[in-house]
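predicted model follows, preceded by the sequence.
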Amino acid sequence: MSTSPPRKLLDPSELGTKEYWEAVYTRELHNNTEDADDEGVIWFDESNAEDTVLKKLASYAEDRGLLDSSQTSFLDLGTGNGHMLFAIREDEDEDGEMRWQGARMVGVDYSPKSVELARQLDAQRREEGGEENEILFEQWDLLGEEPGAWLEGGFDVVLDKGTFDAISLMPNEGAERHPCEVYREKVVPLIKAGRYLLITSCNWTKDELISWLGPRGGALELFDEAKYPTFTFGGQTGQSVVTLIFRRTA
């Protein structure tokens, strides 16, 4: 039985199509092949989202004891060029040591060209930096396929930096349920019980994300929020992006 979405859906856009992202990563792959220093777009770079997420993860490991930095496993949904996982792998603690050394890291994307680009960049970075921790990048469609052997027992941290945004812009094509309504039931099994989904969005507010992912039907509860600088416009105060941390309860 279908249920009504928690709010008005966004209008479909080419940013919600696989063809668009294949074209983007084909271009970025070509650019990197021509110039190894050109690694492509870093999502939400203008909002410093990547560093904000890194600081939040570090606080969970060092200040709150919620994550073991040597054993935490990461899954990056819609990994793109893989830059989020590269940043985690290269993140240093106060002693200059790799904070997440030994952590298992997997990046998945439904775009084959994205995966090709991420693998190419990973090989380049490891060759230049002597890094031993190779990241596994796999082609996978969150909404349409079952997880592969890479799932193992699930992940401590599932990262979504713009993937739910892109899903929000997908054409519905007459399906009974919009992809946004399918997202949560697909993402929950990827997370170990008691562990975390970190989701960053520029399309949805905090309350809207909670309405999509929060207590309806259980499984995910809001656990924490990363803070960004705020702006005021038209008497309203807000952030350009939102990063929420949900915890899997069961």
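Great, that's in hand.

residue ranges with poor pLDDT in the chain?
Low-confidence regions of the chain, defined here as pLDDT under 70, cover residues 1-7, 130-132, 216-217, 231-239.

tell me which residue is most central in it.
Nearest to the mean C-alpha position of the chain, counting by CA atoms, centre = their mean, stands Asp160 at 2.0 Å.

ok so it is a helix residue?
No: counting by DSSP: H, G, I helix; E, B strand; the rest coil, Asp160 is not found in a helix; it is strand.

residues near the closest residue to it other than its chain neighbours, how many?
In space, and not counting its chain neighbours, Asp160 is closest to Ile199: 4.3 Å by CB to CB, 6 or more residues apart in numbering. Yep, even glycine has a C-beta here, placed from its N, CA and C like the rest. For Ile199, the tally of surrounding residues (other CB atoms under 10 Å) stands at 26.

now do the phi/psi pair for the closest residue in space to Arg195 that isn't next to it in sequence.
Nearest residue to Arg195 in three dimensions, chain neighbours excluded: Asp156, at 4.7 Å (CB to CB, 6+ apart). Backbone geometry at Asp156, expressed as degrees, to the nearest 10, gives phi -70, psi -40.

one step back: residue contacts, the residue nearest to the centre of the chain?
If a contact means CB atoms under 8 Å, 6 or more residues apart in numbering, then Asp160 has Leu77, Gly78, Val187, Leu197, Leu198, Ile199, Thr200 as its contacts.

and the residue nearest to Asn203 when sequence neighbours are not counted, what does it touch?
Distances taken as CB to CB, 6+ apart put Asp165 closest to Asn203, at 4.4 Å, once the chain neighbours are dropped. By CB under 8 Å, 6+ apart, the contact list for Asp165 reads Ser201, Cys202, Asn203, Trp204.

helix or strand for Asp165, just tell me which one.
Using DSSP states H and E, Asp165 falls within helix 163-168.

looking at the chain, which strand is longest?
When the chain is parsed with DSSP state E, its longest strand is strand 191-201.

quick one: that strand to chain centroid distance?
Averaged C-alpha coordinates place strand 191-201 at 10 Å from its chain's average position (CA atoms, centre = their mean, to the nearest Å).

relative to strand 191-201, how tilted is the next helix or strand after that strand?
For strand 191-201, the succeeding helix or strand toward the C-terminus, using DSSP H and E, is helix 206-213. For helix 206-213 against strand 191-201, the angle between stretch directions is 140 degrees (axes from the mean of the first three to the mean of the last three CA atoms, to 10 degrees).

which parts of helix 206-213 are buried?
The neighbour-count criterion (16 or more other CB atoms under 10 Å) identifies Glu208, Leu209, Ile210, Trp212, Leu213 as the buried residues of helix 206-213.

how about the fourth one, what does it touch?
This points to Trp212. Contact partners of Trp212, counting by CB under 8 Å, 6+ apart, are Pro6, Phe164, Cys180, Tyr183, Arg184, Trp204.

alright, I will stop here.
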